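Asks: Task: produce atomic coordinates for the following.
(2 chains)
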Amino acid sequence: MPSPTRPAPRSPMAAPRSFLWSRAVFLTLLTGFVLLPVYVMVSSSLKPLADVSGKFQWIPSGLTLTPYRDIWKTVPLADYFVNSLVVAGAATICSVMIAVFAAYAVSRYTFRGKRVFTVTVLSTQMFPGILFLLPLFLIYVNIGNATGIALFGSRGGLILTYMTFSLPFSIWMLIGYFDSVPRDLDEAAKVDGCGPLGALFRVIVPAAVPGIVAVAVYAFMTAWGEVLFASVMTNDTTRTLAVGLQGYAGQNDVYWNQVMAASLVVSVPVVAGFLLLQRYLVTGLTAGAVK
Amino acid sequence: MTTTAIEKTGGRTVPQRDPGAEHGPRRPGRLRALGLPYLLLLPALVLEILVHLVPMLIGIVMSFKELTQFFIRDWGTAPWAGLDNYAVSVDFDAPVGEALLKSFLTTCLFTLLSVGLCWLIGTAAAVFMQETFRGRGLLRTLFLVPYALPVYAAVITWAFMFQRDNGLINHVLHDQLGLTDSPPFWLIGENSFITLLVVSVWKGWPFAFLIMMAGLQNIPREIYEAAALDGAGVWQQIRRITLPSLRPVNQVLVLVLFLWTFNDFNTPFVLFGRAAPESADLISLHIYQSSFQTWNFGTGSAMSVLLLLFLLVVTGLYLTLTSRGRKSADA
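Replies: Take a look at the predicted model:
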């Protein structure tokens, strides 16, 4: 029995049965759709090869951890892992640093060309990657030919490319975060004798740490998941996970249990990072669109 | 009243954050400060110019050159080709142009369906999850998993599920439900289009969901309360308040979804490998494949430039049309 002091229902939408039923059915189906590949990935990664080569089985006939041992031997997964880690890590650090400076300028100063800058930078995000692929390929090959600087096939070339992929969005997101840091704080720091850079690093950056971490995770995810440029711009020694994962297809057989185990292993770092920081990431990703 | 307000701010001028009231710091280094924003932007600018602007311009130049495999290593020596590359690309009676047109039309249909479904599922999920209920937080986290997973890991799992002999899809459709006479192929032939669509929607809808969730938070509660007082039911509130309020969010969301889907390379590349079946031959993969198969970068560049022009025109038209519609709706 509702007591008289009971607070007003939180929801003004006193939901009728039809709404509750549709919601339950829809969300259940959607959850199934979303989780199906995750279930397949996890369960198949624990099956012996015979199980994944024959008819699909919902329940594994036996569980084994051998795929997790074999993935490192079938292809040089550890090397790919290191390559991905170095490339994505370096690209993240560089692009976040560059984005911090650019976002500080846009957030705290008025200058000619500010709007042009933000709009142009953001619109490059929307251009098809294929548009840059052929020219960059050509530029890297020709720079290598002319000067001996090996950009093509090197980690450096890939880092340079990946830095720009996350840069526009990172700048955009950071502008939002910096705008939310009260201006009084850096003005006060300047009165106390901090230069512009002092104000940035002693006041704004510490206050915007969650935003910066979110941007870093976004940049890392972008580089970690990139396929197009990795498929063209890497060679056997610099291959990243994005391309290396396709190496489990043998002459006749695909070691599907190993493919699934490897997919899971390479997903864990980014998915964990994303889910842990989802609150910050989601605010940053959506802020611009909603504004 | 006025006195208290002044005392509160301690007589110090509070920096205004309204547009138009922004000034550089009033300090002796004013002149230096004028150059400072540009200095701060310099690294970003240099990088953008080096990796985006210059390649784009070179790409345009390349499209006017006869840039075949003999000239890749020293592209300056490639002879000019005038508009030949463009002529080949749009000659729809010849094999190259015909294949390009086919791939373009496939991409259009694919984009239309994928964006529509992503939008529909994302919006429905966001509307259903607007109100708190038990397990809502957990569901929201789960729904972000497709967005967070690296593309290749997720798509390769789908490729496994769509295998003809040992995949989950055929196991369910053929063995368990008995819907087909024989297990169909999903990764070659006509069915590949469906496969591509399913994977693309699975991957893409959480973004629509995210943006819609954020958009819903901006709708003031009072409107719903007022509507409820006036006797509007939940379904009516959704139709009359929620969906119309999401219009501005929709403008950006649909555009971003369109561009991402139209340019999608990863999904077909991981799903089908270098050469996608004709029914799932998206334009990015098509240009990639025809460029690296023939090593004719001139024609490949011409195709890329045409793609860019198409996207610019569509984006421009879209923004003009939707902005006008929005203005007249406001008036």
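Asks: The spatially most central residue of chain B is in what secondary structure piece?
Replies: Geometric centre of chain B, nearest residue: B:Trp260, 2.3 Å, by CA atoms, centre = their mean. Applying DSSP states H and E as the criterion places B:Trp260 in helix B:247-262.
Asks: avg pLDDT for that helix?
Replies: For helix B:247-262, mean pLDDT is 89.
Asks: Contacts for that helix next, please.
Replies: Residues from elsewhere that reach helix B:247-262, judged by CB atoms under 8 Å, 6 or more residues apart in numbering or on different chains: A:126, A:128, A:288-290, B:107, B:110-111, B:114-115, B:118-119, B:200, B:204, B:207-208, B:211-212, B:214-215, B:283, B:311, B:314-315, B:318-319, B:322-323, B:326, B:329. To be clear about C-beta, it is placed using only N, CA and C from the backbone, and glycine gets the same treatment.
Asks: Flag the shaky bits of the stretch 51-200 of chain B, pLDDT-wise.
Replies: For the stretch 51-200 of chain B, no stretch has pLDDT under 70.
Asks: run the last query once more with 90
Replies: B:51-53, B:62, B:65-85, B:87-96, B:130-135, B:137, B:164-166, B:175-176, B:178-182, B:188-189 (pLDDT under 90).
Asks: hey, where'd the helices end up in it?
Replies: Using DSSP state H, counting those that start in this stretch, the helices of the stretch 51-200 of chain B run over residues B:54-62, B:84-90, B:95-128, B:136-143, B:145-148, B:151-161, B:168-170, B:192-217.
Asks: Deepest in the core, which of these is it.
Replies: Sort the helices of the stretch 51-200 of chain B by mean neighbour count, taking mean count of other CB atoms under 10 Å in any protein chain shown, and helix B:151-161 sits at the top with a mean of 26.
Asks: For that one, name the packing helices and strands.
Replies: helix A:17-44, helix A:241-244, helix A:256-276, helix B:168-170, helix B:192-217, helix B:266-272 (3 or more CB pairs under 8 Å, 6 or more residues apart in numbering or on different chains; DSSP states H and E).
Asks: Give the buried residues for the second one.
Replies: Spelled out, it's helix A:241-244. A:Leu241, A:Ala242, A:Val243, A:Gly244 (16 or more other CB atoms under 10 Å in any protein chain shown).
Asks: So is it next to chain B?
Replies: Yes - on the criterion CB under 8 Å from any CB of the partner chain, helix A:241-244 is in touch with chain B at A:Leu241, A:Ala242.
Asks: Now A:Ser53, what are its backbone angles?
Replies: phi -90, psi -30 (degrees, to the nearest 10).
Asks: I figured it hits A:Trp256, correct?
Replies: Yes - contact criterion CB atoms under 8 Å: A:Ser53 and A:Trp256 qualify, at 7.2 Å.
Asks: Distance check, A:Val282 against chain B.
Replies: As judged by CB to the nearest CB, to the nearest Å, A:Val282 and chain B stand 6 Å apart.
Asks: Which strand or helix spans that residue?
Replies: helix A:278-290.
Asks: residues touching the residue nearest to A:Asp253 when sequence neighbours are not counted, list them.
Replies: Distances taken as CB to CB, 6 or more residues apart in numbering or on different chains put A:Ser53 closest to A:Asp253, at 7.0 Å, once the chain neighbours are dropped. Residues near A:Ser53 by CB under 8 Å, 6+ apart: A:Asp253, A:Trp256, B:Asn166.
Asks: now the residues you listed: which count as buried?
Replies: A:Trp256, B:Asn166.
Asks: Present the contacts of A:Ser53 as TSV; the columns should include distance to A:Pro37.
Replies: Output for the contacts of A:Ser53, formatted as TSV (distance: CB to CB, whole Å):
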residue	distance to A:Pro37
A:Asp253	22
A:Trp256	13
B:Asn166	15
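Asks: So A:Phe201 lies in a strand, does it not?
Replies: No - going by DSSP: H, G, I helix; E, B strand; the rest coil, the assignment for A:Phe201 is helix, not a strand.
Asks: so how far is A:Val100 from it?
Replies: Taking CB to CB, to the nearest Å as the measure, A:Phe201 and A:Val100 are separated by 9 Å.
Asks: How about B:Leu253?
Replies: Distance, B:Leu253 to A:Val100, using CB to CB: 28 Å.
Asks: Equivalent analysis for A:Ser43, please.
Replies: To A:Val100, A:Ser43 is 43 Å away according to CB to CB.
Asks: Need the pLDDT of the residue nearest in space to the middle of chain A.
Replies: Central residue of chain A (CA atoms, centre = their mean): A:Met221, 1.9 Å from the mean position. A:Met221 carries a pLDDT value of 90.
Asks: which non-adjacent residue is nearest it?
Replies: Nearest non-adjacent residue to A:Met221, counting by CB to CB, 6+ apart: A:Val270, 5.1 Å away.
Asks: what sits against the one you found?
Replies: A:Val270 neighbours (CB under 8 Å, 6+ apart): A:Val217, A:Phe220, A:Met221, A:Trp224, A:Gly225, B:Ala148, B:Leu149, B:Pro150.
Asks: if we can go back for a sec, now the helices and strands packed on helix B:151-161 as TSV including distance to B:Leu142?
Replies: Shown next, in TSV, are the helices and strands packed on helix B:151-161 (distance: least, CB to CB, whole Å):
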stretch	distance to B:Leu142
helix A:17-44	6
helix A:241-244	24
helix A:256-276	9
helix B:168-170	19
helix B:192-217	10
helix B:266-272	21
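Asks: Out of the ones you listed, which gets nearest to A:Met173?
Replies: When the helices and strands packed on helix B:151-161 are compared by CB to CB, helix B:192-217 sits nearest A:Met173, at 13.3 Å.
Asks: What helices and strands are in contact with the closest one?
Replies: Counting contacts by 3+ CB pairs under 8 Å, 6+ apart, helix B:192-217 packs against helix A:17-44, helix A:278-290, helix B:95-128, helix B:136-143, helix B:145-148, helix B:151-161, helix B:247-262, helix B:266-272.
Asks: Same list (those) but as a markdown table, adding distance to B:Ser192.
Replies: Below are the helices and strands packed on helix B:192-217 laid out as a markdown table (distance: least, CB to CB, whole Å):
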| stretch | distance to B:Ser192 |
| --- | --- |
| helix A:17-44 | 18 |
| helix A:278-290 | 31 |
| helix B:95-128 | 10 |
| helix B:136-143 | 27 |
| helix B:145-148 | 20 |
| helix B:151-161 | 11 |
| helix B:247-262 | 16 |
| helix B:266-272 | 7 |
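Asks: A:Ala261 is nearest to which of those?
Replies: Of all the helices and strands packed on helix B:192-217, it is helix A:17-44 that lies closest to A:Ala261, at 8.3 Å by CB to CB.
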